[in-house]
Every structure is written in C-alpha cells, then in structure tokens.
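> how does the following fold in three dimensions:
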Amino acid sequence: MRRLPRKEVNRVSAWEDFTGRHGVGDILAGHVTKVLPFGALVEVEGVSGLLRDGSVWPARPQLAPAEGSTVPVRIDGIDAENQRVSLVPA
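Now for the predicted structure:
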C-alpha cells in the first residue's frame, strides 16, 4: 500500500471534512488568496475554490475583492471527482 505524503493527506482530509459538512447553496466566509481576470481564488475551511465573477471586474474594478480580504461566498458547485469547488458572491 502506497503512503501519501503528509501534505497530500492533509489536503484529502480537508476536502473530506469540507464536503461532509457543506453542500451547494451553503453560504460561508472565505479568504481571498489571489485575484485573477476571470475570478478569484478563495480558501474556505482549508479548501480552495474559484469565485466566479470576474466577467464584471474589468468594467467595474471596485467590485473585485482585495487579496487577503474575507468575503461572503455561496457554494455554487462541488466536483468531488476533481476536488473542485465553484463559488459565487453571496
């Protein structure tokens, strides 16, 4: 049996913990780790997700969250197979 590196074990544990407690539609507070032209990467309880709303940010940059800020997000989708979370502003 292959042993997972500690970092991988922590990521799997965070994912399983997150998906066991949350589902689509839940509103949570997330920490913005990076702002991109098409959205922002937001960490929620140890799991990173993509906050999709970047389509309006180039035209209205005041709506873009700042890196390091805490923002309310709603879970829009969970892709368990690829361990991805889609988020939208709450």
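> quick one: low-confidence parts of the chain?
Counting by pLDDT under 70, the chain contains low-confidence ranges at 1-12, 54-61.
> what helix or strand does the residue positioned nearest the centre of the chain sit in?
Nearest to the mean C-alpha position of the chain, counting by Cα atoms, centre = their mean, stands Gly49 at 2.0 Å. Element membership of Gly49, judged by DSSP states H and E, is strand 47-52.
> ok, now Lys34?
With DSSP H and E as criterion, Lys34 is part of strand 27-36.
> residues in contact with whichever helix or strand comes after that strand: which ones?
Following strand 27-36 in sequence order, the next helix or strand is strand 39-44 (DSSP H and E). Under the criterion Cβ atoms under 8 Å, 6 or more residues apart in numbering, residues 18, 28-34, 48-54, 64-65, 71, 73, 85, 87 lie in contact with strand 39-44. In short, each C-beta sits where N, CA and C put it, glycine included.
> over to stretch 21-36?
Contacts of stretch 21-36 (Cβ under 8 Å, 6+ apart): 40-45, 48-49, 51, 54, 57, 64-78, 87, 90.
> got the buried residues for that stretch?
Neighbour-count burial for stretch 21-36, counted by 16 or more other Cβ atoms under 10 Å, picks out His22, Leu28, Gly30, His31, Val32, Val35.
> let's have those residues in CSV, adding distance to Ser13.
Shown next, in CSV, are the buried residues of stretch 21-36 (distance: Cβ to Cβ, whole Å):
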residue, distance to Ser13
His22, 15
Leu28, 18
Gly30, 19
His31, 19
Val32, 23
Val35, 28
